[in-house]
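In: Prediction below, plus the sequence it came from.
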Amino acid sequence: MNLVARSSIAELDLTQDGTRIRILKRASAEAPPAPAAPANGISIEAPVFSRQESSVPEAPASATTDIIVPAPMHGVFYRAAAPDEPPLVEIGARIEAGQKICIIEAMKTFIDISAEAPGVVLAILAENGDEIAAGQALFRIGPAGSS
């Protein structure tokens, strides 16, 4: 609960071994209102915070059709499912909607982050093992026809 209180995320929804924990943070008077989350959970295509709202830099999008995938929460970014396994995606890889693209460890829980749309990985904007902030750009995904 302290992680949610100290971060800019508005909602945390975790399910493990049949137990679901959902924490919602109410916006205070001085905080900007949080965007509504879709009914199915945290959207990884949520808008990236502007430089004035966050100290985390945005990734430049080469075209308006590029998708910036932000971190849905604060944690540790991992490109592979295990230290001895290859990365889940590489630059240039074609991905499908629902495909796992990275893992974030938060509060000793590993959360799979999946692509919400098909496309091509144009950039990986975090290093394996980096501590990341909620809203930090992790990937830049181009349309499925990009390379």
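Out: Okay, I see it. Residues are numbered from 1 along each chain as shown.
In: For stretch 78-94, the averaged confidence score.
Out: Taken as a whole, stretch 78-94 has a mean pLDDT of 94.
In: Which residues does it contact?
Out: 95, 99-105, 110, 118-124, 128-129, 139, 144, 147 (C-beta atoms under 8 Å, 6 or more residues apart in numbering). C-beta here means a position set from N, CA and C on the backbone, and glycine is covered the same way.
In: Which stretches in this structure count as strands?
Out: For the chain, the strands defined by DSSP state E cover 11-16, 19-24, 67-70, 75-78, 94-95, 100-106, 109-114, 119-124, 131-132, 137-142.
In: For ChimeraX, write the selection for the buried entries among the contacts of stretch 78-94.
Out: Only the buried entries of these go into this ChimeraX selection, using 16 or more other C-beta atoms under 10 Å:
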select :95,101,102,103,104,119,120,121,122,123,124,139
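In: For residue 129, give me its contacts.
Out: 76, 77, 78 are the contacts of residue 129 under C-beta under 8 Å, 6+ apart.
In: Going through those residues, which ones are buried?
Out: 77, 78.
In: In CSV: the contacts of residue 129, plus distance to residue 85.
Out: Formatted as CSV, the contacts of residue 129 follow (distance: C-beta to C-beta, whole Å):
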residue, distance to residue 85
76, 16
77, 15
78, 10
